[in-house]
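Asks: Any chance you could fold what I've pasted below:
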Amino acid sequence: MKAYILNTPGDSSNLQIKEVPVAEVNQDEVLVKIKAISINPVDVKTRAGMAFYSRLKDLDPLILGWDIAGIVEKTGGNVSEFKIGDEVFGLVNFLGHGKAYAEYVAAPAAQLALKPKEIPFVDAAAATMAALTAYQVLVKQAKVKAGQEVLIPAASGGVGHFAVQIAKYLGARVTGTSSAKNLEFVHSLGADEALDYTTADLDNKLKTFDFVFDTVGGENIDRSLPLIKAGGTLITIPTLPGEGAAARAMALDVSAYFYLVSSDGDSMKVIAELLEKGVLRSHVSKVFPFEEMAAAHQAVESGRTVGKVIVTV
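Replies: Coordinates of the predicted model:
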């Protein structure tokens, strides 16, 4: 099978397509013939030698990627939930070796869900890591409730656009920020208010929000803390809050912490249901063929994409 191998970290040209043996499945896995792969910022950072590169660097071959959608070709002896021919999607082996940049992937059955029949593979692949992150943060961690005020910076991004939809589904009043050109898109997701992050005066929002879902990191954490009510919460996914931010959060009676998504088939089943009901929809801004993986990485690396970038196989 064809797969992208990363021998040394660096720019997108370091992803080299090679012929490698088709993955063997163990008793609890299924072999998936890949139809679509979602490319995430963590993929790009790991390829460049950051994020999880140090965790994976000694693997041979090192095959990046975690988000897949495809068709079951083979099942392990302990697998009863899926059968050959089933269309599935999921986040595979995160934080481990997902090996998604390949024509076939051996994936733990417990990390996958059946893809709704009417949802294209491209849209299903988009609703894996990003949608799962939004779901786990809003539902499992923050436990957002109806009537709460939620702020989602970078609401037009991969995680952000799913977060707006899930927060609205939970009954929250949602404010999303984006660039001016994406405000209409943020409104279309269901946001009650969409603000241009370059011009918005957030001083009149002091102590407005019960929860801030920070998908930006860095200085945005410090800017967001005064906007949260006493007893409220900020969860960040790109970077750990620094000591200064942690101290400021404590002084403001705000809980602020980092969260990292994990593979979870049960949560993927919920996402599949939300997709099937039309509650959740993927926005795919760019689709690249497998042979143009480097270009897909460059698109994500630009930081200018709306929604998700997908590679088809």
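
Asks: and residue 235, how far is that from residue 38?
Replies: Remark: distance between residue 235 and residue 38 (CB to CB, to the nearest Å) = 22 Å. C-beta here means a position set from N, CA and C on the backbone, and glycine is covered the same way.

Asks: Comparing these two, which residue is more hemmed in?
Replies: residue 38 (31 against 20; other CB atoms under 10 Å).

Asks: my read: the more buried one touches residue 312, true?
Replies: No: Residue 38 lies out of contact with residue 312 (CB atoms under 8 Å); the separation is 10.9 Å.

Asks: Doesn't residue 233 lie inside a helix?
Replies: No: judged by DSSP: H, G, I helix; E, B strand; the rest coil, residue 233 forms no part of a helix; its state is strand.

Asks: Skipping adjacent residues, who's closest to it in space?
Replies: residue 255 (4.6 Å; CB to CB, 6 or more residues apart in numbering).

Asks: what's the neighbour count on the one you found?
Replies: Neighbour count of residue 255, defined by other CB under 10 Å: 15.

Asks: again, but for residue 119
Replies: 20.

Asks: Please report how far it lies from residue 222.
Replies: If you go by CB to CB, the gap between residue 119 and residue 222 works out to 39 Å.

Asks: Work out for me the element the spatially most central residue of the chain sits within.
Replies: Taking CA atoms, centre = their mean as the criterion, residue 130 is the residue nearest the geometric centre of the chain, at 1.8 Å. Assigned by DSSP states H and E, residue 130 belongs to helix 129-135.

Asks: who does that helix touch, helix- and strand-wise?
Replies: Contacts defined by 3 or more CB pairs under 8 Å, 6 or more residues apart in numbering; DSSP states H and E place helix 129-135 against helix 158-169, helix 265-277.

Asks: Report the mean confidence score over the longest one.
Replies: Mean pLDDT, taken over the full extent of helix 265-277, equals 98.

Asks: what does it rub up against?
Replies: Identification of contacts with helix 265-277 by CB atoms under 8 Å, 6 or more residues apart in numbering yields 89-91, 108-116, 118-119, 123-124, 127-128, 131-132, 135-136, 140, 166, 169, 280-282.

Asks: Got a PyMOL select line for the buried ones in these?
Replies: If you want just the buried ones from these in PyMOL, going by 16 or more other CB atoms under 10 Å, the selection is:
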select buried, resi 89+90+91+108+109+111+112+113+114+115+116+119+123+124+127+128+131+132+135+136+166+169+280+281+282
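
Asks: Now, the contacts of helix 265-277 that are in helices?
Replies: Assigned to helices by DSSP state H, the following of the contacts of helix 265-277 qualify: 123, 124, 131, 132, 135, 166, 169.

Asks: now for these, which pair is the farthest apart?
Replies: 124 and 169 (18.4 Å; CB to CB).

Asks: The residue nearest to residue 233 against residue 236, yeah?
Replies: No: at 11.5 Å, residue 255 does not count as touching residue 236 under the criterion of CB under 8 Å.

Asks: Can you point out the buried residues in the lengthiest strand in the chain?
Replies: Criterion DSSP state E: the longest strand present in the chain is strand 29-39. By neighbour count with 16+ other CB under 10 Å, strand 29-39 contains the buried residues 29, 30, 31, 32, 34, 35, 36, 37, 38, 39.

Asks: So for the fourth one, what's the pLDDT?
Replies: Model confidence at residue 32, expressed as pLDDT, equals 98.

Asks: quick one: contacts for it?
Replies: Contact analysis of residue 32 by CB under 8 Å, 6+ apart lists 68, 70, 71, 72, 73, 88, 104, 105, 106, 107, 112.

Asks: quick one: which of those is nearest to residue 214?
Replies: Scanning the contacts of residue 32 for proximity to residue 214, where the rule is CB to CB, the winner is residue 68, at 27.1 Å.

Asks: who does the strand or helix carrying the closest one pair up with?
Replies: Using DSSP H and E, residue 68 sits within strand 67-75. Here strand 67-75 has these sheet partners by DSSP bridges: strand 29-39 (antiparallel), strand 87-91 (antiparallel).

Asks: Distance to residue 276 added to the buried residues of strand 29-39, as TSV?
Replies: Output for the buried residues of strand 29-39, formatted as TSV (distance: CB to CB, whole Å):
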residue	distance to residue 276
29	25
30	21
31	25
32	20
34	22
35	18
36	17
37	22
38	19
39	24
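
Asks: just the CA coordinates of stretch 161-180, formatted as PDB?
Replies: The C-alpha trace of stretch 161-180 is given here as PDB (Å, rounded to 0.1, in the frame of the first residue of the first chain):
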ATOM      1  CA  HIS A 161     -17.100  25.700  13.900                       C
ATOM      2  CA  PHE A 162     -18.100  22.400  15.500                       C
ATOM      3  CA  ALA A 163     -18.000  24.000  19.000                       C
ATOM      4  CA  VAL A 164     -20.500  26.700  18.000                       C
ATOM      5  CA  GLN A 165     -22.900  24.000  16.700                       C
ATOM      6  CA  ILE A 166     -22.600  21.800  19.800                       C
ATOM      7  CA  ALA A 167     -22.900  24.700  22.200                       C
ATOM      8  CA  LYS A 168     -26.100  25.800  20.500                       C
ATOM      9  CA  TYR A 169     -27.400  22.200  20.600                       C
ATOM     10  CA  LEU A 170     -26.800  22.200  24.400                       C
ATOM     11  CA  GLY A 171     -28.900  25.400  24.600                       C
ATOM     12  CA  ALA A 172     -26.100  27.900  25.300                       C
ATOM     13  CA  ARG A 173     -26.100  31.500  24.100                       C
ATOM     14  CA  VAL A 174     -23.000  31.500  21.900                       C
ATOM     15  CA  THR A 175     -20.600  34.400  21.000                       C
ATOM     16  CA  GLY A 176     -18.000  33.600  18.300                       C
ATOM     17  CA  THR A 177     -15.100  35.600  17.100                       C
ATOM     18  CA  SER A 178     -13.500  35.500  13.700                       C
ATOM     19  CA  SER A 179     -12.100  37.800  11.000                       C
ATOM     20  CA  ALA A 180     -14.600  40.100   9.400                       C
END
